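*Asks:* Just to be clear, the model below is a prediction. Sequence and coordinates:
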Amino acid sequence: MDILKKIVLIIPYRGIGDLIFHLPLIRGLSKKYQQKIILITNINNKAEYILNSEKSVSKIFFSDFTRENLIKNSMKLLTKLNTLKPDLIVVTAPSKRLKIPLYLSKSKMRVIFKKSNIKDLSQYIFSQSKLSFKNIKFKKDYKFRLQSQKSNKKSIFLSLDSFHDQNNWNELNFIRLVEKILLKKKLYKIYINFAPSKVSKFKKILNQFNRHSNITFTYSMKFSSIIKILNNIKYVIGNESGPACLGAAMGKKVFSIYNPIHTPNLSSKIINKDIIYFNSKKVSPTKIINKILVRIN
């Protein structure tokens, strides 16, 4: 396995944090075999934006990994694999429906991560990477290598929602937080983010701050623009979700608010140990707001 000219890595996971957990594997494979990695992944994890500047990746393709239309999806994946003609295919999920196109492909070698009792995805990916490629020294490096830009030290990115809405901190808490931040009169810009499909869920905060000169709502922006904003701000505050993971990977100061019932694993904390996080079931909204206000300057 010393000479590999083309490596295809299949990442079926849909979360942004889930994608970031694969960076040690991507970079380790690329460094060992002196080849940029081709990714086939889920469009929901925004890989085309997140890994846009990743030097270990050459191309990114998207596939449908859902159980619906299983035969059709498998045939499409098989066609794509045979078109790429890889020397090695690596699949990071022990899914039976992915094994079929993998073994029918013309690839010279195939690696499928095995089932494990490890529930934490970051640990599972790292553990399976070491077991599957014993000749590679993988590093737990989850930082992005984005082009350096001048950081605005007086700006905040607020993330109001998550993929699973039951994780969300209450909208009224965010309104109180924004009001308190504005009273400090030290922060130049506040960006408020939520999915465009959830505008109706955040009408109160939208109506209250939509015309404020220091506040910009990002729900109508392209994801590439949101990445640029995150790269240029100092603070990320919000639910334990995609933006918190991105902020962690970019080395920003992240305040992550999580519900332990629905968020047993803190992805952003795994990506960057310096994250400050708050258990919304144990800590009151007032205390969370006050603790955040003390830490921003």
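*Replies:* Cool, got the structure. Numbers count the residues shown, from 1 in each chain.
*Asks:* Just the helices from the chain, written as ranges.
*Replies:* 16-20, 23-33, 47-50, 70-84, 96-104, 121-132, 171-184, 203-209, 223-232, 242-249, 267-271, 285-295 (DSSP state H).
*Asks:* Of the ones you listed, flag the one that's most buried.
*Replies:* helix 242-249 (a mean of 29; mean count of other C-beta atoms under 10 Å). All C-beta atoms are positioned from the backbone trio N, CA, C, and that covers glycine.
*Asks:* Does anything pack onto it? Which helices or strands?
*Replies:* On a contact count with 3 or more C-beta pairs under 8 Å, 6 or more residues apart in numbering; DSSP states H and E, helix 242-249 meets helix 16-20, strand 155-159, helix 223-232, strand 235-239, strand 253-258, helix 267-271.
*Asks:* Now tabulate these in TSV and tack on distance to Phe138 and mean pLDDT.
*Replies:* Putting the helices and strands packed on helix 242-249 into TSV (distance: least, C-beta to C-beta, whole Å; pLDDT from 0 to 100) gives the following:
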stretch	distance to Phe138	mean pLDDT
helix 16-20	14	94
strand 155-159	29	95
helix 223-232	25	92
strand 235-239	27	95
strand 253-258	24	94
helix 267-271	15	90
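*Asks:* Quick one, which of those gets closest to Gln166.
*Replies:* strand 235-239 (10.4 Å; C-beta to C-beta).
*Asks:* re the thing from before, so which of the helices of the chain is nearest His164?
*Replies:* In terms of C-beta to C-beta, the element of these nearest to His164 is helix 242-249, at 11.5 Å.
*Asks:* Just the residues contacting the closest one, thanks.
*Replies:* Contact with helix 242-249 is made by 15-17, 20, 46, 50, 142-144, 157, 159, 162-163, 193, 226-227, 230, 236, 238, 253-254, 256, 267-269, 271-272, 275, as judged by C-beta atoms under 8 Å, 6 or more residues apart in numbering.
*Asks:* Apply 7 Å and report the result again.
*Replies:* Under the contact criterion C-beta atoms under 7 Å, 6 or more residues apart in numbering, helix 242-249 has outside partners 16-17, 20, 142-144, 157, 159, 193, 230, 236, 238, 254, 256, 267-268, 271-272, 275.
*Asks:* what do you get for stretch 187-194?
*Replies:* Residues external to stretch 187-194 that are found in contact with it (C-beta under 7 Å, 6+ apart): 152, 154-161, 178, 181, 202, 205, 209, 214-219, 226, 229, 233, 243.
*Asks:* now with 6 Å?
*Replies:* With C-beta atoms under 6 Å, 6 or more residues apart in numbering as the test, stretch 187-194 has contacts from 154-161, 181, 202, 214-219, 229.
*Asks:* now those residues: which count as buried?
*Replies:* Among the contacts of stretch 187-194, those scoring as buried are 154-161, 181, 202, 214-219, 229 (criterion: 16 or more other C-beta atoms under 10 Å).
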